[in-house]
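Q: Quick one, fold the following:
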Amino acid sequence: MKIWIFIGRMQPLHLWHQKIITESISNNDFTFIMLWSSWIINEYNPFTDIERKNFIENIFEENKNKYEIINLADSESDEKWVKNIEKIVKYNINKKEESVTFYGWDFENDYAIKVIKQYEDIIEFSNINYREISRKNIYADYKWEKIYISSTLVRESLIKKDLEILKILLDERVFKLLLEKI
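A: Residues are numbered from 1 along each chain as shown. Below is the predicted model of the structure:
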């Protein structure tokens, strides 16, 4: 069984997140989508766990048997946080040993992947892999230019309530849900 794990804040789910989840669901037996920073609500993290889960479920409704959305709580140490990821996966697949692949973006800057790599020797999976999905070529067409899709741009556009930019960075279904909130 091919298990894939994608960890992100998804505040909200934008087109790059959607690309990773689509690829994972298409190419694997099961995907864990772990929502990080679930306890923080502020202008940079405006959506609750339930709202973020709704974004994902609206996009991937037809594949609901191929993924599970998990709220990933923080821990007092990075080591415990990594062990918590292992426990979540093992509990949900009911097997002691599995080969897992962690999806990430730019591995040099992806904090979650850095921490997992640092403590991978304590994780009891038969095989751990990593798959980098670069965001370097993820652009959206905006008027006469291409703009880079990033969570930072999405958050800034949310704060400014720039619906024109948000509309091109988000799937139409996520955009409609977002309009209900702002």
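Q: The helix or strand hosting Arg131 - contacts with which helices or strands?
A: Element membership for Arg131 (DSSP states H and E) is strand 127-132. Using 3 or more CB pairs under 8 Å, 6 or more residues apart in numbering; DSSP states H and E as the contact criterion, the elements in contact with strand 127-132 are strand 99-104. Backbone N, C-alpha and C define where each C-beta goes, glycine included.
Q: partners of the strand it packs on in the sheet?
A: Pairing partners of strand 99-104, with direction, according to DSSP bridges: strand 2-8 (parallel), strand 127-132 (parallel).
Q: what's the most buried one of the ones you listed?
A: Each of those was given a mean neighbour count from mean count of other CB atoms under 10 Å, and the largest, a mean of 22, is that of strand 2-8.
Q: neighbouring contacts of stretch 170-181?
A: Outside stretch 170-181, the residues that touch it by CB atoms under 8 Å, 6 or more residues apart in numbering are 12-15, 18, 46-47, 51, 54-55, 58-59, 154, 158, 163, 166-167.
Q: how about the strands paired with strand 99-104, which one is nearest Ile70?
A: Ile70 lies closest, by CB to CB, to one member of these: strand 2-8, at 9.2 Å.
Q: pLDDT averaged over the closest one - what is it?
A: Within the predicted structure, the mean pLDDT of strand 2-8 is 88.
Q: tell me the mean pLDDT for stretch 26-37?
A: Computed over stretch 26-37, the mean pLDDT rounds to 88.
Q: same check, this time on stretch 69-83
A: Looking at stretch 69-83 alone, the average pLDDT works out to 89.
Q: ok now it, how far from the chain's centre?
A: Here stretch 69-83 is found 15 Å from its chain centre; the criterion is CA atoms, centre = their mean, to the nearest Å.
Q: I would like the residues contacting that stretch, please.
A: When contacts are defined by CB under 8 Å, 6+ apart, stretch 69-83 is touched by residues 7, 32-39, 49, 53, 56-57, 84-85, 88, 92, 115-116, 118-120, 122-123.
Q: What count of nearby residues applies to Val172?
A: Check again: residue 172 is Glu, not Val. Counted with other CB atoms under 10 Å, residues neighbouring Glu172 total 10.
Q: can you check Leu35 too?
A: The burial count assigned to Leu35 is 22, neighbours taken as other CB under 10 Å.
Q: Return the set of residues that bridge with it.
A: Counting by DSSP bridges, Leu35 forms beta bridges with Gly8, Asn71.
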